[in-house]
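J.: Provided below are the primary sequence and the corresponding predicted coordinates.
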Amino acid sequence: MTKQNTYTISVTELQKLLQTNKQIVLLDVRHAWEREECCIPNDTHIPLAELESKSASMLKDIPIIVYCHHGMRSKQAVAVLLDLGFQQVSSLDGGIHEWSNKIDPSIGQY
């Protein structure tokens with residue numbers, strides 16, 4: 001996680017984390033139509049509007065990295081999860097757009 005905001009992680013930091021095979025939840029909070037355009041493999045999809053009601057099915061002891069298109073909704077999702085008692089949550093800085101630009105250009109952009 002970056003020093004500027006303990007609840008933010010860069011795409012390069014996430015890539016390194018995924019390469020360690022550490023157990024994390026990669027949570028996509030975008031709308032279903034956005035997910036049809038593109039997504040990061042092996043993620044979980046819960047739209048932001050449904051997050052509070054569906055959060056009970058999520059484990060609180062596993063780090064959660066939240067992403068959206070550019071990072072605004074994922075920051076909102078982090079706030080929701082913190083309010084619900086989750087402690088290991090981070091927003092992917094720049095969202096899937098930044099992931100596509102810097103890590104995996106095979107992931108489409110919209």
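T.: Nice, I can see it.
J.: Just the element for the spatially most central residue of the chain, please.
T.: For the chain, the residue nearest the mean C-alpha position is residue 66 (1.9 Å; C-alpha atoms, centre = their mean). Element membership for residue 66 (DSSP states H and E) is strand 64-67.
J.: So in that sheet, which strands flank that strand, and in what orientation?
T.: Paired neighbours of strand 64-67 in the sheet (DSSP bridges): strand 25-28 (parallel), strand 89-92 (parallel).
J.: closest one to residue 14 among the ones you listed?
T.: Proximity to residue 14, assessed across the strands paired with strand 64-67 by C-beta to C-beta, is greatest for strand 89-92 (6.1 Å). Glycine gets a C-beta too; all of them are placed from N, C-alpha and C.
J.: Could you measure from the nearest residue to the residue nearest to the centre of the chain once chain neighbours are set aside over to residue 21?
T.: Spatially, and ignoring its direct neighbours in sequence, residue 66 is nearest to residue 74 (4.1 Å; C-beta to C-beta, 6 or more residues apart in numbering). As judged by C-beta to C-beta, to the nearest Å, residue 74 and residue 21 stand 23 Å apart.
J.: Looking at these two, which is more packed in?
T.: Comparing residue 74 with residue 21 by other C-beta atoms under 10 Å, the one with more neighbours is residue 74, at 29 against 7.
J.: dump the residue contacts of the more buried one.
T.: 29, 66-68, 91-92, 95 (C-beta atoms under 8 Å, 6 or more residues apart in numbering).
J.: quick check, it in a helix?
T.: Yes. Counting by DSSP: H, G, I helix; E, B strand; the rest coil, residue 74 is located in a helix.
J.: how near is the residue nearest to the centre of the chain to residue 12?
T.: Note on residue 66: its distance to residue 12, by C-beta to C-beta, is 17 Å.
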